[in-house]
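Undergrad: Could you look at this predicted model? Sequence included:
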Amino acid sequence: LPADSEDEESAEAVEIQVEDGRPPTAGLQVCADSPRGQKTPRAGLDGRPMTRATERQPRGKVCSSLTFTVHSTWGDQFYVGLTALEVLDSSLSPIPRDEVKLDAVPRDLNDLEGVDEDTRILENIFDGVCCTTEDSHMWLAPFIKAPAGNSSCDSAEEIQRNTIHIGFAKPCEVAGFNIWNYNKNEEDTSRGIREFSVHCDDRYISTFLCRKAPGHTHFDFKQLVLLDQPPSESVRRSARAVARLPSRSASKTAGAQKPPLGRPPSGSDRRANADNLIHSPSPNGHELRQQYETPLHPCGFVFKFMFLSTWSDVHYIGLDGIEIYDTSGRGLRPKRAYSNYGSVRDLPGMEADVRSEDSLLKGTPQNARMWLAPYYRQPANFVELVFDQPTQISVIKFWNYSRTPARGVRDVEIYVDDLIIYQGILRQASGQDGGEAVLFTDQPSILERERSLVYQPSPEDLIAFFDESGQWDQRTGNHIPDSSQPERPMTALTVSTR
C-alpha cells in the first residue's frame, strides 16, 4: 500500500480492511507526538504493526559490449579456462547466443605454435552445456601472467592480460552473469578464473571473485555474479591472503615435483603463512593457544572438511552439526552441502533415515538433526559447504556425533577453496555440550565468548597404537579391527509420523 499523504495525518491509525477480512500488510501514519516527518507503521486489526517486503531488483548497465579482464587463476601459471557463461539481462534471463559476438585474446590454445584443432575453443562457453566435466564443452587458453610488481587488479597502467570480449547486436541492459568455472577434474580446476574485472564499453565497473569449480557434477556449480554487488576490497584482500596458504593438491605432489621458482614449498610444511597467522591474546593477557596456528579471517567460497578418522568405529562417521560464523560472530548459512560418500540415507533400505549432509546447513544441532555416513579411509570422507559469495569467517564450531560417540570425527582438516587453514583433533562427544570452536579471529569479544570451547587434546589423544589386525583404543583397551574385515552393521534414525 502507498504511504498516507501528508493531508491525511492523524494521531490514530485508520483501520483498513480488504474484502476477505484480512488486514493489509503495509501502511504508514504520522503520529502527532512523533518528531516532524517521522512515519510509523500503521497497526492492523490485532494491534500488530503492518509490514511489507519487496524483492530487490538488480541494477543493470546499458552497454554495447562487455570486456572481461582475467587477473588470476586458481593456481595454474600456464592456462586459464571456463566451462560456460551466460550474460543476464535486467530480468536475470540469459541473453540469446545469436545476439552476441565473442572474441578473446588469446582466443584459445590453437593460438599456440604447434597446436591445431584443439577442441577447447572459445565458442564452447556459449554452447549451452554448462554443468559438465567434458572438456570438449570448455574453453582453455594460454594464461598471460602479470609481470612482477604489477599484480594489482585495479591498476590503471596498461598491462597485457587475458581478455574476453562480448559484443551485442544493439545496446542492452546487462545485470550480471551466470558462470561455470573450468571443471575438467579436481586437479585441473586450478585453471579456472579466480579474479577478473568487467568493463561495460570502456567504463570500468568493478573487480569480482569467481568460485573454484568442484571437479565433479554432483551439484550445479553455477555462480551468479551481479554487476551492482561486487565484493568489498577487504574481502578481496582476505581472499588474496588465503591464496598464499598451502593447498591440498600441492601437498599431494610435493615429493614428486619441484615447485616453480619463486613459490615457497608447501605440503610437508602444513602451517599457514606466518604473516597471516593468529596469535590471539585474550583481554586478561593470557594467550589463547589452539592445535594449529590459523590465518586471520580466511575468505572463500567452498569450505571443505576432511574427516580422516573416527574415535574408534570402523563402519560409520558422523557429526551432530557444523556452524560457520562471520567476522562479527554471527552464524552463516551455506547454500548447499556435498558429501563425497553421501550419508546413510544413500545405503540400501535406509532411504528414510534423516541423518543426511543437508543437516549440516542448519547450524546448531537440534533434536535428530545430524549427519552420518559410511566411513572410508581412502579416499577419506569429506563434506563441502558452499557459499555463492566470497565469505570471511571468524569461527567454525563443531558438534561431534553424540548418538554413538565412537562414530564421531577424530582427525579433521579444513580447507577454504582447496587451501588448508586448520588441522587437528575433535573432542569425542560426551553428553550435552556447547560444541568445539576453532578460531580464525583476534577480536576480544569473540575470543572470550568461545575460549572455553577451544579443545586442547591430552597426550594420550595424540597417540594411536596399531598391530597387524587393527587399532587399539587406549581409553577402553578394546581392539578396533581392520575396517576391511566385517560387514557394516545396520543403523536407522527416522522421523515418527505420529
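TA: Cool, the structure landed.

Undergrad: So, low pLDDT: which residues of the stretch 351-498 of the chain?
TA: Segments of the stretch 351-498 of the chain classed as low confidence (criterion: pLDDT under 70) are 432, 462, 464-488, 490, 492, 494-498.

Undergrad: Would you map the strands across it?
TA: 371-374, 381-392, 395-400, 411-416, 419-425, 436-439, 465-467, 470-472, 479-481 (DSSP state E, counting those that start in this stretch).

Undergrad: would you turn those strands into JSON lines with distance to residue 314 and mean neighbour count?
TA: Placement of C-beta: from N, CA and C, glycine included. Output for the strands of the stretch 351-498 of the chain, formatted as JSON lines (distance: least, C-beta to C-beta, whole Å; neighbours: other C-beta atoms under 10 Å):
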{"stretch": "strand 371-374", "distance to residue 314": "11", "mean neighbour count": "23"}
{"stretch": "strand 381-392", "distance to residue 314": "13", "mean neighbour count": "20"}
{"stretch": "strand 395-400", "distance to residue 314": "17", "mean neighbour count": "23"}
{"stretch": "strand 411-416", "distance to residue 314": "15", "mean neighbour count": "21"}
{"stretch": "strand 419-425", "distance to residue 314": "18", "mean neighbour count": "22"}
{"stretch": "strand 436-439", "distance to residue 314": "23", "mean neighbour count": "22"}
{"stretch": "strand 465-467", "distance to residue 314": "13", "mean neighbour count": "10"}
{"stretch": "strand 470-472", "distance to residue 314": "8", "mean neighbour count": "16"}
{"stretch": "strand 479-481", "distance to residue 314": "6", "mean neighbour count": "14"}
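
Undergrad: Am I right that residue 236 is in a strand?
TA: No. Residue 236 is assigned helix when assessed by DSSP: H, G, I helix; E, B strand; the rest coil, not a strand.

Undergrad: you'd agree it is up against residue 197?
TA: No. Judged on C-beta atoms under 8 Å, residue 236 makes no contact with residue 197 at a distance of 11.0 Å.

Undergrad: What are the boundaries of the helices in the protein?
TA: Counting by DSSP state H, the chain has helices at residues 233-242, 248-253, 444-450.

Undergrad: just to revisit the earlier point, go through the strands of the stretch 351-498 of the chain and name the closest to residue 58.
TA: Among the strands of the stretch 351-498 of the chain, strand 381-392 comes nearest to residue 58, with 13.7 Å by C-beta to C-beta.

Undergrad: low-scoring stretches of the chain, by residue?
TA: Applying pLDDT under 70 to the chain flags residues 1-47, 50-56, 148-159, 238-287, 432, 462, 464-488, 490, 492, 494-498.

Undergrad: Could you tell me the end-to-end distance of stretch 108-119?
TA: 9 Å (C-alpha to C-alpha, to the nearest Å).

Undergrad: ok, and for it, which residues are buried?
TA: 108, 109 (16 or more other C-beta atoms under 10 Å).

Undergrad: Repeat that for stretch 201-218.
TA: 205, 207, 208, 209, 210, 211, 212, 213, 214, 215.

Undergrad: follow-up on the earlier one: need the strands of the stretch 351-498 of the chain in CSV (columns: distance to residue 347).
TA: Output for the strands of the stretch 351-498 of the chain, formatted as CSV (distance: least, C-beta to C-beta, whole Å):
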stretch, distance to residue 347
strand 371-374, 7
strand 381-392, 14
strand 395-400, 22
strand 411-416, 23
strand 419-425, 28
strand 436-439, 28
strand 465-467, 28
strand 470-472, 23
strand 479-481, 21
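
Undergrad: Residue 89: which of those is closest?
TA: Nearest of these (C-beta to C-beta): strand 381-392, 19.8 Å.

Undergrad: packing partners for that closest one?
TA: helix 233-242, strand 299-307, strand 316-325, strand 336-339 (3 or more C-beta pairs under 8 Å, 6 or more residues apart in numbering; DSSP states H and E).

Undergrad: rerun at 7 Å
TA: With contacts taken as 3 or more C-beta pairs under 7 Å, 6 or more residues apart in numbering; DSSP states H and E, strand 381-392 sits against helix 233-242, strand 299-307, strand 336-339.

Undergrad: which one of these has the most crowded surroundings?
TA: For these, the largest average neighbour count (mean count of other C-beta atoms under 10 Å) is found in strand 299-307, namely a mean of 23.

Undergrad: which residues of the stretch 151-300 of the chain fall in strands?
TA: So, for the stretch 151-300 of the chain - with DSSP E, counting those that start in this stretch - the strands run 163-174, 176-181, 193-200, 203-209, 223-226, 280-281, 287-288, 299-307.

Undergrad: Specify the stretch among the strands of the stretch 351-498 of the chain that is closest to residue 302.
TA: Going by C-beta to C-beta, the one of these nearest residue 302 is strand 381-392, 5.3 Å.

Undergrad: and the angle for that closest one with strand 395-400?
TA: 160 degrees (axes from the mean of the first three to the mean of the last three C-alpha atoms, to 10 degrees).

Undergrad: Next, format the strands of the stretch 151-300 of the chain as CSV and append distance to residue 62.
TA: As requested, the strands of the stretch 151-300 of the chain are exported to CSV (distance: least, C-beta to C-beta, whole Å):
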stretch, distance to residue 62
strand 163-174, 5
strand 176-181, 14
strand 193-200, 8
strand 203-209, 11
strand 223-226, 15
strand 280-281, 49
strand 287-288, 52
strand 299-307, 30
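
Undergrad: To residue 73, which of those strands lies closest?
TA: Of all the strands of the stretch 151-300 of the chain, strand 193-200 comes closest under C-beta to C-beta, at 5.5 Å.

Undergrad: who does the closest one touch, helix- and strand-wise?
TA: strand 61-73, strand 203-209.

Undergrad: mind checking which of those is nearest residue 351?
TA: The minimum distance between residue 351 and the helices and strands packed on strand 193-200 falls on strand 203-209, with 38.1 Å, by C-beta to C-beta.

Undergrad: So which elements touch the closest one?
TA: When contacts are defined as 3+ C-beta pairs under 7 Å, 6+ apart, strand 203-209 packs onto strand 193-200, helix 233-242.

Undergrad: returning to what we had before: nearest to residue 122, of the strands of the stretch 351-498 of the chain?
TA: strand 381-392 (26.0 Å).

Undergrad: Partner strands of that closest one, with direction?
TA: strand 299-307 (antiparallel), strand 336-339 (antiparallel) (DSSP bridges).

Undergrad: so which of those comes closest to residue 451?
TA: So among these, strand 299-307 is nearest, using C-beta to C-beta, at 22.3 Å.

Undergrad: got the buried residues for stretch 439-458?
TA: 439, 440, 441, 443, 446, 447, 450, 453, 454, 455.

Undergrad: For that stretch, list the C-alpha coordinates in PDB.
TA: Only the C-alpha atoms of stretch 439-458 are listed here, as PDB (Å, rounded to 0.1, in the frame of the first residue of the first chain):
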ATOM      1  CA  LEU A 439      39.100 -19.600  15.900                       C
ATOM      2  CA  PHE A 440      40.200 -17.500  13.000                       C
ATOM      3  CA  THR A 441      39.900 -14.100  14.600                       C
ATOM      4  CA  ASP A 442      41.700 -11.800  17.100                       C
ATOM      5  CA  GLN A 443      38.500  -9.900  18.200                       C
ATOM      6  CA  PRO A 444      38.500  -9.900  22.000                       C
ATOM      7  CA  SER A 445      34.700 -10.300  22.300                       C
ATOM      8  CA  ILE A 446      34.600 -13.400  20.200                       C
ATOM      9  CA  LEU A 447      37.700 -14.900  21.800                       C
ATOM     10  CA  GLU A 448      36.200 -14.500  25.300                       C
ATOM     11  CA  ARG A 449      32.900 -15.900  24.100                       C
ATOM     12  CA  GLU A 450      34.500 -19.000  22.600                       C
ATOM     13  CA  ARG A 451      37.600 -19.600  24.600                       C
ATOM     14  CA  SER A 452      36.000 -22.300  26.800                       C
ATOM     15  CA  LEU A 453      35.100 -24.300  23.700                       C
ATOM     16  CA  VAL A 454      38.700 -24.400  22.300                       C
ATOM     17  CA  TYR A 455      39.900 -28.000  22.700                       C
ATOM     18  CA  GLN A 456      43.500 -29.000  23.500                       C
ATOM     19  CA  PRO A 457      43.900 -32.800  23.300                       C
ATOM     20  CA  SER A 458      45.700 -34.700  26.000                       C
END
